[in-house]
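**Q** Structural data only, the sequence is not supplied:
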């Protein structure tokens, strides 16, 4: 019997993840009707697959099924943070990051922060900082902007403040990072995990 199911997926935070899951499901004979970051509408034969086999595919690829409302909200928070920091070079949005999350998710920042900390190993503020640091690395790597411009884009009051936070988070200075092999980059799905 054909089953239509809407599933929510943990750690499916970027377009690469979306494409990977489309390919993995296709390979397993699971039809994807709609796939977006953190979400998929699928169709499968219940004689061949069930939610356990689907979860196995997800886990094998560093993801998992989201089963509770709170987990869905946490994934929505992560997606909103990534949209804000990695896909929007709008300084005004970054300046009002808490307002952006409140508007996007319809809950107070305190509620979002408390929920995030309940389900993840770090605070929401720390997660935002980690995303900012990864975005700073990307901006440095493109070599399009000066450090002053990057500080402005990423809502740091000064280059010194950016440099201090960068060193605190990565263990090396910005200039050391520029000279490095760039192996200290972290994937977005790892940013809510404890330090590796």
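**A** Happy to help now that I have it. Being a predicted model, the structure only gives us computed values, none of them experimental.
**Q** chain center to the helix or strand hosting residue 126, what's the gap?
**A** Using DSSP states H and E, residue 126 maps to helix 124-142. The chain centre lies 11 Å from the centre of helix 124-142; the measure is C-alpha atoms, centre = their mean, to the nearest Å.
**Q** ditto for stretch 155-169
**A** How far stretch 155-169 lies from its chain's middle: 21 Å, per C-alpha atoms, centre = their mean.
**Q** Kindly report the same for stretch 160-179.
**A** With C-alpha atoms, centre = their mean, you get 22 Å for stretch 160-179.
**Q** got the end-to-end distance for it?
**A** Terminal residues of stretch 160-179 lie 19 Å apart, using C-alpha to C-alpha, to the nearest Å.
**Q** what about the protein, any weak spots by pLDDT?
**A** 88-96, 182-183, 189, 194-196 (pLDDT under 70).
**Q** which residues in this structure form helices?
**A** Listed in chain order, the helices found in the chain under DSSP state H are 15-28, 51-60, 69-86, 91-95, 97-105, 109-119, 124-142, 147-153, 159-170, 174-179.
**Q** would you turn these into CSV with distance to residue 44 and mean neighbour count?
**A** To be clear about C-beta, it is placed using only N, CA and C from the backbone, and glycine gets the same treatment. CSV is the format used below for those (distance: least, C-beta to C-beta, whole Å; neighbours: other C-beta atoms under 10 Å):
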stretch, distance to residue 44, mean neighbour count
helix 15-28, 8, 15
helix 51-60, 7, 14
helix 69-86, 21, 19
helix 91-95, 38, 13
helix 97-105, 30, 17
helix 109-119, 28, 16
helix 124-142, 33, 19
helix 147-153, 44, 16
helix 159-170, 42, 16
helix 174-179, 45, 14
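**Q** Select, out of the ones you listed, the one closest to residue 191.
**A** helix 124-142 (4.3 Å; C-beta to C-beta).
**Q** other SSEs contacting that closest one?
**A** helix 69-86, helix 109-119, helix 147-153, helix 159-170, helix 174-179 (3 or more C-beta pairs under 8 Å, 6 or more residues apart in numbering; DSSP states H and E).
**Q** try 6 Å this time
**A** On a contact count with 3 or more C-beta pairs under 6 Å, 6 or more residues apart in numbering; DSSP states H and E, helix 124-142 meets helix 69-86.
**Q** Not counting its neighbours along the chain, what's nearest residue 130?
**A** Excluding its sequence neighbours, the residue lying closest to residue 130 (C-beta to C-beta, 6 or more residues apart in numbering) is residue 191, at 4.3 Å.
**Q** surely that neighbour meets residue 128?
**A** No: the pair residue 191 / residue 128 is not scored as a contact, 9.5 Å apart, by C-beta atoms under 6 Å.
**Q** Quick one: neighbours of residue 46, just the number.
**A** 10 (other C-beta atoms under 10 Å).
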